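Visitor: Build me a structure from this.
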Amino acid sequence: MYSSVKYVVLVLLLVQILLLACNRKVAPTFEKDVASIIYAKCTKCHNPNGVAPFSLTSFDNIKKRAKTIAFVTKNRIMPPWPADYTYTHFVGEQVLSDEEIQILQDWVQAGCLPGDLTNAPNAPVYQFKSFLGKPDLVLTYSDTMYLKGDHLDRFYLMKFPYQMSQDTIVKAIEFVPGNTSVVHHVNGHIIQYDDGMKKDIFSGKRVISSDSIEADKVYSELDVANDDGSYPVLTQSAVNYLPGVMPTVYPEGLSGFKLKKQGAFLFKDIHYGPTSRDTFDYSRINIFFAKKMPARLTRELQMGTLGITDIEPPLVIPPNQIKRFITKAKINKDISILTINPHMHKLGKSFWAYALPPSGDTIPLIKIKQWDFNWQFFYTFKKMVRIPAGSTIIVEGIFDNTIHNKNNPFHPPREIAERAGSMRASDEMFQFIITLMDYQPGDENISLEP
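Guide: Predicted coordinates for the structure are as follows:
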C-alpha cells in the first residue's frame, strides 16, 4: 500500500514538473527574435547615415541601448508614429505589435541573450544620407550655415542652382537636414529656365535672411529673373520638410514631373528653430529620376492656415485655455486622396480629420490623439481613398495653452494666434494638406506601396 501511494505521488510530481516546463517561456535571443524587429522598425533612422543620434546596426550597439529600447517601446515613444493605427493605416507604419514589444521586454529581462550571432540576420545597409537609396543628383549648400545660440527663430531664403545635360523626369525629391535639432521646416520651389533665357544660373546671392531684406527685393538679390527681365516658371511645393517627415514616393509611373536641364531650387523659407548654443547646419537636396512621365498628375488641397478654408473660430488661443477649432472643405467632384499632412505648432493637443459623404457613412482620414510637434509626417494611404462629390472634409484641432502643456513656448502662458501665416514656432498654425487626383474607377484598388 505504502509503495503504491509513493508511486502515485512520484507520478504526480513528474506531471507537475512537465507542466511547468511546458508553460515556461523560452527566453528570446537576439539571433532569433530581436534583430529582425530592430532592423525592420528602428534601423531606417538609427544607422550611420541616418537622422537619429546613434546607430542600432549590430548586437553590441543594440545591447548597449537595451534598457532604453525596452522603455521607449513599452511606452510607445519609439518608433515615432503619432497617427492612431486603430483608426486608419498608412504606407510604412512604424508601429510595433504588442507581441513585438513583449519580446523586447523579455529579452532585456533575460539578460540580452545573443543566441548564435553567426546566424543572426544582417542589418540593412544605408550607404547614403537618404531614406530612398542612392540619389541621381545631390545639391548642397554653397557654404556651412552657422547659427548663434541666442534662443531666436531664424528664417532664410536660399537658392540651389543646378545644371544637367538634358531635361529629366523626376519621381522624388528629398530634403535631408544636416542638423535635425534646429531645422524646423522647409518650403521648396523650383525655378526652371527655358533654353537660352538665362546665361548664368549661378549668379546672385545664395542665402538671404528674411529679416534683412524687403520682400520686393528678394528676387532681385537672388537674381531669379531671365536675362530679358521676365520671370521663369516656378513649380511650387516641389520639396518640403517638417520634423520627422520622410519623403513621399509613389509606385513607378504614378507620379513625377519634368525637370528642365537648368534651374534652381528656391527655398521660399527655411526655418531654424531657437537654440541655446552655437551650432551649424549643412543640409542637402536629393533628386531621384524616373523612367517615364506619369499618365496622371497629382495636385494639392490646403485647408486652414494659408489655405482655401477658414478656421472656425479664428485661430486665437487665450492664455490658460484649451480650445477646439474646425475647418471644412466641400468636395464638388469625385477625388482620390493619396497623401495627407496634418500640421500644428507647439500648442497642438490633438488632430482629427474625416470626410462626411452624402451617404452619411464617415470616411476616416487620420486621428492623432496626442499631438507631438517633433514628429510630423506626410501620411500616404496604402490604397487611394475615394471621396465622392458632395462630401465635406472636416478637420478638428484642439490646442492647449496652459501651464500643463510642456511644449508651451511661453511661461506664464500668453495669447498665441495665427499671425498672417507666420511660421514661427512661437505662433500657431492649423493646416491640413491633401495630395489628390481626380477620381477614376478602380482607384480604390491601386496600391501606393513604393
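Visitor: rest of the way, CA atoms for contacts and neighbours
Guide: Noted.
Visitor: Count the neighbours of Gly442 for me.
Guide: Gly442: 9 surrounding residues under other CA atoms under 10 Å.
Visitor: And Asp143, by the same measure?
Guide: 11.
Visitor: any idea how far it is from Gln302?
Guide: Asp143 is 33 Å from Gln302, where distance means CA to CA, to the nearest Å.
Visitor: swap in Thr168?
Guide: Going from Thr168 to Gln302 by CA to CA gives 28 Å.
Visitor: same check, this time on Ile363
Guide: 18 Å.
Visitor: same thing with Gln440?
Guide: As judged by CA to CA, Gln440 and Gln302 stand 22 Å apart.
Visitor: between those two, which one's more packed in?
Guide: Gln302 (17 against 11).
Visitor: If that one is in a bridge, with which residues?
Guide: Beta-bridge pairing of Gln302 under DSSP bridges involves Ile433.
Visitor: Remind me which helix or strand Ala35 belongs to.
Guide: Assigned by DSSP states H and E, Ala35 falls within helix 35-41.
Visitor: quick one: contacts of that helix?
Guide: With contact meaning CA atoms under 8 Å, 6 or more residues apart in numbering, helix 35-41 is reached by Leu56, Thr57, Phe59, Pro79, Gln94, Val95, Leu96, Glu100, Ala120, Pro121, Ala123, Pro124.
Visitor: I'd like to know how many residues surround the fourth one.
Guide: Residues lying near Pro79 (other CA under 10 Å) number 17.
Visitor: looking at the protein, which helix or strand is least sure?
Guide: helix 2-23 (a mean of 55; mean pLDDT, DSSP states H and E).
Visitor: Okay, domains of this protein per the record?
Guide: Residue ranges for the domains of the chain, per automatic domain parsing: 27-119, 137-289, 299-445.
Visitor: Same list (those domains) but as JSON lines, adding distance to Lys129 and mean pLDDT.
Guide: Below are the domains of the chain laid out as JSON lines (distance: least, CA to CA, whole Å; pLDDT from 0 to 100):
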{"stretch": "domain 27-119", "distance to Lys129": "5", "mean pLDDT": "92"}
{"stretch": "domain 137-289", "distance to Lys129": "7", "mean pLDDT": "87"}
{"stretch": "domain 299-445", "distance to Lys129": "19", "mean pLDDT": "93"}
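Visitor: Let me have the ones you listed in JSON lines, adding distance to Ser130 as columns.
Guide: JSON lines is the format used below for these (distance: least, CA to CA, whole Å):
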{"stretch": "domain 27-119", "distance to Ser130": "7"}
{"stretch": "domain 137-289", "distance to Ser130": "7"}
{"stretch": "domain 299-445", "distance to Ser130": "16"}
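Visitor: isn't Ile446 right next to Arg386, touching?
Guide: No: the criterion here is CA atoms under 8 Å, and Ile446 misses it with Arg386 at 11.1 Å.
Visitor: ok, these two, which is more surrounded?
Guide: Taking neighbours as other CA under 10 Å, Ile446 and Arg386 compare with Arg386 leading, 21 against 13.
Visitor: any idea what sits nearest the more buried one, other than its immediate chain neighbours?
Guide: Ser336 (4.5 Å; CA to CA, 6 or more residues apart in numbering).
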